[in-house]
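Enquirer: Sequence unavailable; structure follows:
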């Protein structure tokens, strides 16, 4: 720490009681200066030779013959006045980063300018500030902190702005020129921990770009805001370094922030800090991590920040949502809400993610109109969309554990990313299954609606095996899964895949025939939950199909079809016969021209030959009633 000694005479100020100060000298004192509750018994001559205010006060005292003067509003109080008085007596005074500002403000109050005497206190302090304090990194920060208790005079004397400019300038210095001491505990290097065998007391590692971040965390939020704004104005440091500074400040100022919460404290102060940090966020995408932004959003919700702050965080999170994790998105709902998690805010975040494509498309159309150029709309990559889709699937699986989560919130969020191309729907299936498990009382129509979110063709083998024995799924879904597993088994064996019967096509597409009244019972059967016995039978069929797919896949029979294909079709026929009551209504509806189809339901699904299917007119005229 820098310091400056003024004067050469020994300090002869003494104390008589708690509030009485006097100078030990043979000369009798001739003036009493009352500073707050303290009395100073002093001599006029040394004081009046250097202080314009004391000259004026003493002149007024002589007129009233009271012998006492009163100073109630001097910055720094009795301690600051004593420093100035000692300087007037020529006694030794030591100035440092902790008392230089209060001394400067008190000297200004007393009018200790060069016009009164050359080499006066104000001049000497200003020289000390410019030549030593403002050239020191740590001293500048200490001095800035001391200015807060001396407002507004410290601001009027430009001490605050000088400190801020000094700190910001040093923070923006090229790291190769940083040769002063700084604190860096967040990522201690081996030699600083004392674990480096080659450590010889000399720093042998390049200075990190964010070397200045930690010590600025000591500043209160209003001063911190001014310093960081000054740093950003210089446009030297990258957005990542600015983001690191804000992250370090948040972790220092918010107890429990690392766990996504704020533990106690002054809520108004915390709210101001949250709002300021959000205001200081770098504009560049990626300046701070998505995880940090989500922690800030949780903090903003906790301290009840305004809509502007929360809206800005939602916008920024949406721009880099693919970086988030499921745990980051688990934002607790307000206490008055029945649900555990705030799903609405996550929906807003996903909307912001989708809006990027929409905005890009609008810009593309405008540019196409003006420049007659063709651009592909959208700026979101397929990889980003896939990551967000998986993220939403994982989030749905977590919030599904909430027994009070409305089905509509689940469906709405799932449908927001439904248009994204996903090679697998295993994550979505897991979320749906979790919701069905935690909400067993939902109606058939609700169960059907949530299951329609999933594409059975995109389930893995393991997911199919689980689905076939899942007693929570409607029979419609179980049969779809079984059929597509058969198709996949046939395809993997190299044999031809059987044509999808029209009834099954309609089942998959959710279309229905015109004769709804005649098929009400069939719909109810399909949407009903499969019994344990039915699932057991389906599971056995699926296992047989998978076993068949690995045996004899390359053999051909007389009509040119693979043996695996016929074996699979044969087993499917057996399954359909066992469910004839339900399946017959699906496969064997009335023809378009009023002709009754008398063929067995298993015959429709069993025809593996496309030509054979074409030669049967009744099949071509069939329509779905599911």
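Expert: Thanks, I have it. Only a predicted model underlies this, so the values are computations on that prediction, with no experimental measurement involved.

Enquirer: drop to CA atoms for contacts and neighbour counts, all remaining ones
Expert: Noted.

Enquirer: and residue 94, that one's in a strand?
Expert: Yes - secondary structure of residue 94 (DSSP: H, G, I helix; E, B strand; the rest coil): part of a strand.

Enquirer: Tell me who's in contact with the residue nearest to it when sequence neighbours are not counted.
Expert: Nearest residue to residue 94 in three dimensions, chain neighbours excluded: residue 5, at 4.4 Å (CA to CA, 6 or more residues apart in numbering). Listed by CA atoms under 8 Å, 6 or more residues apart in numbering, the contact partners of residue 5 are 92-95.

Enquirer: Of the residues you listed, which count as buried by neighbour count?
Expert: Buried subset of the contacts of residue 5 (neighbour count, 16 or more other CA atoms under 10 Å): 92-93, 95.

Enquirer: now, among those, which is nearest to residue 85?
Expert: Of all those, residue 93 has the smallest distance to residue 85: 10.0 Å, by CA to CA.

Enquirer: contacting residues around the closest one?
Expert: 5-7, 83, 86-87.

Enquirer: Roughly how far does it sit from residue 7?
Expert: 6 Å (CA to CA, to the nearest Å).

Enquirer: Residues that sit against both of these two, list them.
Expert: residue 87.

Enquirer: coming back round to it: may I ask which of the contacts of residue 93 comes out lowest in pLDDT?
Expert: Across the contacts of residue 93, the smallest pLDDT goes to residue 7, namely 85.

Enquirer: what's near enough to touch that residue?
Expert: Residues near residue 7 by CA under 8 Å, 6+ apart: 87, 90-93.

Enquirer: what about 10 Å?
Expert: 86-94 (CA atoms under 10 Å, 6 or more residues apart in numbering).

Enquirer: which stretches of this structure aren't confidently modelled?
Expert: 62-66, 186-205, 260, 359-378, 492-626 (pLDDT under 70).

Enquirer: Strands of that one, start to end?
Expert: Using DSSP state E, the strands found in the chain span residues 3-6, 13-15, 20-23, 31-35, 38-42, 68-71, 93-96.

Enquirer: Let's have these in CSV, adding distance to residue 354.
Expert: Output for the strands of the chain, formatted as CSV (distance: least, CA to CA, whole Å):
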stretch, distance to residue 354
strand 3-6, 59
strand 13-15, 74
strand 20-23, 73
strand 31-35, 66
strand 38-42, 68
strand 68-71, 66
strand 93-96, 57
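
Enquirer: Of all those strands, which one comes closest to residue 235?
Expert: The nearest among those, by CA to CA, is strand 93-96 at 32.0 Å.

Enquirer: measure residue 393 to residue 381 for me?
Expert: For residue 393, the distance to residue 381 - CA to CA - is 19 Å.

Enquirer: So for these two, which sits in the more crowded spot?
Expert: With neighbours defined as other CA atoms under 10 Å, residue 393 and residue 381 compare such that residue 393 has more, 23 against 9.

Enquirer: So that one is in contact with residue 416, correct?
Expert: No - the pair residue 393 / residue 416 is not scored as a contact, 11.2 Å apart, by CA atoms under 10 Å.

Enquirer: Can you report how many residues neighbour residue 412?
Expert: 12.

Enquirer: show me the contacts for it.
Expert: By CA under 10 Å, 6+ apart, residue 412 lies in contact with 347, 418.

Enquirer: can you tell me how far it sits from residue 393?
Expert: Taking CA to CA, one finds residue 412 at 12 Å from residue 393.

Enquirer: before we move on, the earlier item: can you tell me which of the strands of the chain is nearest to residue 343?
Expert: strand 93-96 (54.8 Å).

Enquirer: Tell me which strands the closest one pairs with, and in which orientation.
Expert: In the sheet, strand 93-96 lines up against strand 3-6 (antiparallel) (DSSP bridges).

Enquirer: So what's the gap between the partner strand and the chain middle?
Expert: How far strand 3-6 lies from its chain's middle: 49 Å, per CA atoms, centre = their mean, to the nearest Å.

Enquirer: got it, and stretch 235-253?
Expert: Stretch 235-253 has its C-alpha centroid displaced from the chain centroid by 14 Å (CA atoms, centre = their mean).

Enquirer: Can you point out the buried residues in that stretch?
Expert: Counting neighbours by 16+ other CA under 10 Å, stretch 235-253 gives 237, 239-250, 253 as buried.

Enquirer: any chance of those residues in a markdown table, plus distance to residue 269?
Expert: Shown next, in a markdown table, are the buried residues of stretch 235-253 (distance: CA to CA, whole Å):
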| residue | distance to residue 269 |
| --- | --- |
| 237 | 28 |
| 239 | 26 |
| 240 | 26 |
| 241 | 25 |
| 242 | 22 |
| 243 | 21 |
| 244 | 22 |
| 245 | 19 |
| 246 | 16 |
| 247 | 18 |
| 248 | 18 |
| 249 | 14 |
| 250 | 13 |
| 253 | 10 |
